[in-house]
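1. Sequence first, predicted coordinates after that:
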Amino acid sequence: MARAIWNGKVIAESDQVEEMEGVLYFPESSLKREFFRPSTTTSTSPGIGQARYFTVVIDGQDNQDAAWYYPDPKPSARKIKGHVAFWRGVEVQK
């Protein structure tokens, strides 16, 4: 079971994660939605496509753009469609 933890709270948990380029991606359905707020930030990965972000909010503290996903990944990255990854201090345990 993989878990994503920030500020002492489990924010995602799943036994069906996907790994790509050394990063674990959690199914969107595994997110504890009360901790996530959409962000307007985007970025582009040449091999994957355009990423969108979520800010993680726990106990009044924001972790800006700490989660990202690819709404329409390139065909070579199709397995991570509908999945979310973490950084910026979010601890991912596998």
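-> Yes, it's here.
2. can you list the residues that contact stretch 58-68?
-> With contact meaning CB atoms under 8 Å, 6 or more residues apart in numbering, stretch 58-68 is reached by 6-9, 11, 31, 35-37, 39, 41, 43, 51-57, 84-90. For every residue, glycine as well, the C-beta is placed using N, CA and C.
3. Stretch 22-36 now?
-> The contact list for stretch 22-36 (CB under 8 Å, 6+ apart) reads 2, 4, 6, 9-14, 16-19, 54-58, 67, 69, 80, 82-86, 92, 94.
4. Start and end of stretch 85-93, how far apart?
-> 12 Å (CA to CA, to the nearest Å).
5. can you give me how far that stretch is from the chain middle?
-> 8 Å (CA atoms, centre = their mean, to the nearest Å).
6. Selecting buried members of the contacts of stretch 22-36 in PyMOL, what would you type?
-> A single PyMOL command selects the buried members of the contacts of stretch 22-36 (16 or more other CB atoms under 10 Å):
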select buried, resi 2+4+6+11+12+13+14+17+18+54+55+56+57+67+69+80+82+83+84+85+86+92
